[in-house]
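> Sequence below, structure please.
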Amino acid sequence: MTRAEPTTRRAPGIWPLVHSERAALAADLADLTDEQWATPSLCTELTVREVLAHLTAGASLTPARWFAGVIRCRFDFDKQVAMRLAEQLGATPAETLARFRRVTTSTTKPPLPVVAMLGEAIVHAEDIRRPLGIHRDYPIDTLTRLAEYYQGSDLVVPVKKRIAGLRLAATDGPFATGSGPLVSGTTLALTMAMTGRTGYLDELDGDGVATLRDRA
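Numbers count the residues shown, from 1 in each chain. As a prediction, the model looks like this:
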């Protein structure tokens with residue numbers, strides 16, 4: 001049984017966005033078949049069900065438990081991710097979903113900025129939704145906030161290096177950053193491409209797309 005441990009509430013403007021995205025994902029996955037749960041996600045070598053378990057793990061992991069896992073796994077971060085995922089997978093897809101639902105409103109997190117948890121909630125949700133053919137109209141303000149975080153950070157994924165020397169501009173919102181050859185598209189497509197999801201590159205336009213593709 002999973003229980004999210006309490007943490008100090010911070011960034012109150014961001015946590016509700018995280019909770020809303022988790023709830024929306026849980027609702028979208030309510031009626032999946034066993035075959036759909038086994039669908040390969042956009043995360044290399046992980047199924048839809050395994051990505052959801054990874055999200056549950058992130059919402060259940062305090063800084064102390066995260067550091068303990070790092071030491072246990074001898075600083076092999078991929079090994080820790082796999083270990084924590086396995087802890088939250090459960091015996092059946094129904095249990096995997098039930099565990100995720102229990103952490104929907106959790107404010108527990110590893111030693112990361114709260115906005116990084118919003119990134120987990122949206123990017124991994126797309127890793128799940130896209131292969132299943134599920135569409136969500138994300139609030140543009142939420143996507144813009146996330147894109148602005150990623151464009152200046154290499155903390156979780158190397159976005160800052162990936163988009164260096166390029167000008168990114170959203171066609172559906174105010175997000176814009178950088179200078180150089182243009183990469184334009186929806187805020188969601190830009191965000192997913194920034195985080196290395198190559199399938200979204202086909203939705204982008206501009207002279208800088210080829211460079212971004214080479215770096216992905």
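> so what's Ile140 closest to, chain neighbours aside?
Nearest residue to Ile140, sequence neighbours excluded (CB to CB, 6 or more residues apart in numbering): Gly173, at 4.4 Å. All C-beta atoms are positioned from the backbone trio N, CA, C, and that covers glycine.
> correct me, but that neighbour touches Leu143?
Yes: in this structure Gly173 lies within contact range of Leu143 using CB atoms under 8 Å: 6.8 Å.
> got any residues that touch both of those two?
Taking CB atoms under 8 Å, 6 or more residues apart in numbering as the contact rule, the neighbours common to Gly173 and Leu143 are Thr187.
> Give me the more crowded residue out of the two.
Taking neighbours as other CB atoms under 10 Å, Gly173 and Leu143 compare with Leu143 leading, 21 against 17.
> State whether the more buried one is indeed within a helix.
Yes: Leu143: assigned to a helix according to DSSP: H, G, I helix; E, B strand; the rest coil.
> what does the model give the residue nearest to Ile140 for pLDDT?
On pLDDT, Gly173 comes in at 97.
> For it, pull up the helix or strand it's in.
Here Gly173 sits in a region with no helix or strand, counting by DSSP states H and E.
> who's in contact with Tyr138?
By CB under 8 Å, 6+ apart, the contact list for Tyr138 reads Glu21, Ile122, Leu188.
> Can you verify the first one is assigned to a helix?
I take that to be Glu21. Yes: assessed with three-state DSSP, Glu21 lies in a helix.
> what's around the spatially closest residue to it that is not a sequence neighbour, how many residues?
Nearest non-adjacent residue to Glu21, counting by CB to CB, 6+ apart: Ala121, 4.0 Å away. Ala121: 24 surrounding residues under other CB under 10 Å.
> now the one 5 residues further on
Here the neighbour count serves as a burial measure; for Glu126 (other CB under 10 Å) it reads 23.
> Determine the three-state secondary structure at it.
Secondary structure state of Glu126, per three-state DSSP, is helix.
> Check which residues of the helix or strand where Glu120 lies are buried.
Per DSSP H and E, Glu120 falls inside helix 114-132. Neighbour counts over helix 114-132 (16 or more other CB atoms under 10 Å) mark 114-131 as buried.
> what's the answer for stretch 193-209, then?
By 16+ other CB under 10 Å, the buried positions in stretch 193-209 come out as Ala193, Met194, Thr195, Gly196, Arg197, Tyr200, Leu201, Leu204, Gly206, Gly208, Val209.
> I figured Gly152 hits Lys160, correct?
Yes: counting by CB under 8 Å, Gly152 touches Lys160, with 6.1 Å between them.
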